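> have a look; sequence and predicted model below, questions after that.
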Amino acid sequence: MAQITMARALNTALRDAMEADDRVVLLGEDVGTLGGVFRITDGLLKDFGEQRVMDTPLAESAIMGVSIGLALRGYRPVPEMQFDGFSYPALDQIISHLAKYRNRSAGTQPMPVVCRIPYGGAIGAVEHHSESPEAIYGHTAGLKVVTPSSAADAYSLLRQSIESDDPVIFLEPKRRYWAKQEVDLPVSTEPIGKARVLREGSDLTLVAYGPMVKVAMDAAEAAQEEGVGSLEVIDLRSLVPLDDATLVASAAKTGRMVVVHEAPQFLGMGAEVAARVSEAAFFHLEAPVLRCTGLDIPYPPARLEEAHLPGVDRVLWTVQRSLDF
């Protein structure tokens, strides 16, 4: 097996999708000549031409509006929002039209648009470059929302998303772009809507997704070494649809659960997971479902982001709170 970065896996997934279906087109700011600010689309303009890899003006609402129009004409567009915080100007198009078109047409009009958004922090960036907007998109009915944590999932989930007739918000954890994994591409992993248990445990379940999966795994290993307990780790992979069955089964097994994410705690994904697990596994729980998250503040300057984002120590502190309950 080869050592593949997530960035390379995403690039390969786009290339393979474009080779398999000439209706797949890419558009966004600097995706062509530059190959994207993170080089995810590097080399694709040269190989597929400017009719299929299109540099756009700095106008996210227009990028999404054009993508919706392309989908109506039978294409399968993959627009890129250059950074998480830059996606907000496109929210009107996403919420009012992209998410609603299939419902508006009584299911007769597919909307196969995959909106790629690099998201999350820990890269030392300035304002608007480290947001975690997953709750906004997850709350918008009609969208699928997925986020990989590994190169294998990045490839497989992106191919699945492009093949879907529903719109997909594809959140790419930018701090994980250059993390390597031994994998042979192409690869097919679990489908959208299915979580994965990455580590078996008996005392408590850690739930994470995207950029926080590695933090959760590191915390579980530290807990084992320090004698804190045996922690199970679940990678959600798909936020919408959410894999309730895997979450509930794990909560029933361990009796305790901590949800970890970068986004602020208030009205975040952790609250939804906690509510669903509490409703379905209440009599199995030995403690309330707890959340370990970013702070309820606007994303801070780079020099303060380490204090803002959950790390292994904060996760272990939350784990201990649950175990002490």
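Arrived safely. Numbers count the residues shown, from 1 in each chain.

> in the chain, spot the helix with the most residues.
Criterion DSSP state H: the longest helix present in the chain is helix 6-20.

> I'd like the mean pLDDT over that helix, please.
Throughout helix 6-20, pLDDT has a mean value of 98.

> list the buried residues for that helix?
Within helix 6-20, the residues that count as buried by 16 or more other C-beta atoms under 10 Å are 6-18. C-beta: built from backbone N, CA, C; applies to glycine.

> ok, then the element right after it?
Note on helix 6-20: by DSSP states H and E, the next helix or strand toward the C-terminus is strand 24-28.

> what packs against that following strand?
Using 3 or more C-beta pairs under 8 Å, 6 or more residues apart in numbering; DSSP states H and E as the contact test, the elements touching strand 24-28 are helix 6-20, strand 53-55, helix 60-72, strand 76-80.

> need those in TSV with distance to L98, can you?
Below are those laid out as TSV (distance: least, C-beta to C-beta, whole Å):
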stretch	distance to L98
helix 6-20	19
strand 53-55	18
helix 60-72	6
strand 76-80	10
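
> out of these, nearest to L143?
The closest of the helices and strands packed on strand 24-28 to L143 is helix 60-72. By C-beta to C-beta, the value is 12.2 Å.

> so which elements touch that closest one?
strand 24-28, strand 76-80, helix 91-93, helix 101-104.

> chain center to the shortest one, what's the gap?
Averaging C-alpha positions (C-alpha atoms, centre = their mean, to the nearest Å) puts helix 91-93 19 Å from its chain's average.

> and that helix, what does it pack onto?
Against helix 91-93 (3+ C-beta pairs under 8 Å, 6+ apart) you get helix 60-72.

> which residues sit against the helix it packs on?
If you take C-beta atoms under 8 Å, 6 or more residues apart in numbering as the criterion, helix 60-72 is touched by 25, 27-29, 56, 77, 79-81, 86-90, 92-94, 97-98, 101, 109-113, 115.

> and for stretch 98-115?
Taking C-beta under 8 Å, 6+ apart as the rule, stretch 98-115 contacts 64, 67-68, 70-72, 76-81, 87, 90, 94, 140-143, 158, 161-170.

> report the buried members of those.
Of those, these count as buried by 16+ other C-beta under 10 Å: 64, 67-68, 70-71, 76-81, 87, 90, 94, 140, 142-143, 158, 161-164, 166-170.

> of all the helices and strands packed on strand 24-28, which lies closest to V37?
That would be strand 76-80 among these, by C-beta to C-beta, at 9.3 Å.

> between strand 24-28 and that closest one, find me the angle.
Relative orientation of strand 76-80 and strand 24-28, computed by axes from the mean of the first three to the mean of the last three C-alpha atoms, to 10 degrees: 20 degrees.

> and strand 76-80, what's its mean pLDDT?
pLDDT averaged over strand 76-80 gives 98.

> if you count contacts, what does that strand end up packed against?
So strand 76-80, by 3+ C-beta pairs under 8 Å, 6+ apart, packs with strand 24-28, helix 60-72, strand 114-119.

> quickly compare the ones you listed and say which is most buried.
strand 114-119 (a mean of 27; mean count of other C-beta atoms under 10 Å).

> name the SS class of I297, please.
coil (DSSP: H, G, I helix; E, B strand; the rest coil).
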